[in-house]
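Participant: Compute the structure for the input listed below.
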Amino acid sequence: MSGPESAGTLFAASFLFMTPVVFFTARSFVAALLVPSCVLLAAAVYLSRERVREQDLLRDQVPDALRCMEACLHAGLSLPQAFAEVAEEMEAPAKELFSRVSRDLELGFSVEQSLSRFRDSSEIEELAFVAMALDVQYVCGGNAKPVLQSAEDSIARSLDLRRLLRVQTAQARFSAQIVSVMPMFLLAIVSVVSPGFLNPFFESATGLALLVVAAGMQVMGILLVKRTLEIEV
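Facilitator: A predicted model of the protein is given here:
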């Protein structure tokens, strides 16, 4: 089990454990819901950051993998041999993906099937583009070096643009994350320090309606901010 998956399991178990503990400690049903929810929110932020970090690392490895594959093919190795060599030379996480293709070829899958599985399992569009380019080249024949060089140049430009955009939007993304999570953390702190402070909201239909409206506005604001900061490269 990978790091993020282990962390997700740990946080889920913590939620189930913390709910009764917080309830008997703070004597507040609201605190028993909000405090573990904040833990799950922190887990979601952590897992999201880990996923983005792993994808960025994989993207940075793609040009090196293409250069290695280009050198292997230029040296006279076949495409299956080139995948095996790249899997041997690269580090994680790219190593696992190229090792999977090499293993599929050893198990008897055709090159087209292996590249199709590689393309379907790729979580980033750069590797899917490489798999598609290699598939077309393998079916049509010819020299793979220009195909790999073209793919490498295109991916390198895309990575440079992606890094520039992430730097330009870093402060806005951080501000959006703080504004998104702060209300829940403040409510959790208030519910622990003053257990009965939020009870009036749950004692009337008006209070519940206000909570639902506030939660809906918060979710809508998070989705709008996320939509604004999503930039396709």
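Participant: Would you confirm that C38 contacts F185?
Facilitator: Yes. At 5.6 Å, C38 counts as touching F185 under the criterion of Cβ atoms under 8 Å. Any C-beta I mention is one placed from the backbone N, CA and C, and that applies to glycine too.
Participant: Identify all contacting residues around stretch 189-206.
Facilitator: 22, 26-28, 30-31, 34-35, 187, 207-208, 210-211 (Cβ atoms under 8 Å, 6 or more residues apart in numbering).
Participant: Hmm, which of those residues is lowest in pLDDT?
Facilitator: The lowest pLDDT within the contacts of stretch 189-206 belongs to A26, with 67.
Participant: Show me which residues of stretch 51-68 are buried.
Facilitator: E54, L58, R59, Q61, V62, P63, A65, L66, C68 (16 or more other Cβ atoms under 10 Å).
Participant: likewise stretch 185-203?
Facilitator: For stretch 185-203, burial by neighbour count (16+ other Cβ under 10 Å) applies to F185, L187, A188, S191, V192, P195, L198.
Participant: any low-confidence regions in this protein?
Facilitator: By pLDDT under 70, the low-scoring segments of the chain are 1-16, 21, 23, 26, 141-144, 229-233.
Participant: mind checking how far the residue most central in space within it is from L33?
Facilitator: The centroid of the chain falls nearest to R51 when counting by Cα atoms, centre = their mean (3.1 Å). Distance, R51 to L33, using Cβ to Cβ, to the nearest Å: 26 Å.
Participant: follow-up on the earlier one: select only the buried ones of the contacts of stretch 189-206 in ChimeraX?
Facilitator: Applying 16+ other Cβ under 10 Å to the contacts of stretch 189-206, the buried members can be selected in ChimeraX as follows:
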select :22,26,28,30,31,34,35,187
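Participant: want to try a markdown table for the contacts of stretch 189-206, with secondary structure as columns?
Facilitator: Shown next, in a markdown table, are the contacts of stretch 189-206 (DSSP: H, G, I helix; E, B strand; the rest coil):
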| residue | secondary structure |
| --- | --- |
| V22 | helix |
| A26 | helix |
| R27 | coil |
| S28 | coil |
| V30 | helix |
| A31 | helix |
| L34 | helix |
| V35 | helix |
| L187 | helix |
| G207 | helix |
| L208 | helix |
| L210 | helix |
| L211 | helix |
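Participant: Just give me the closest of the contacts of stretch 189-206 to E106.
Facilitator: Ranked by distance to E106 (Cβ to Cβ), the contacts of stretch 189-206 are led by V35 at 50.6 Å.
Participant: The closest one contacts F17, doesn't it?
Facilitator: No. Between V35 and F17 there is no contact under Cβ under 8 Å: 11.6 Å.
Participant: contact partners of stretch 100-112?
Facilitator: Under Cβ under 8 Å, 6+ apart, the answer for stretch 100-112 is 79-80, 83-84, 87, 113-115, 117-118, 121, 135, 138-139.
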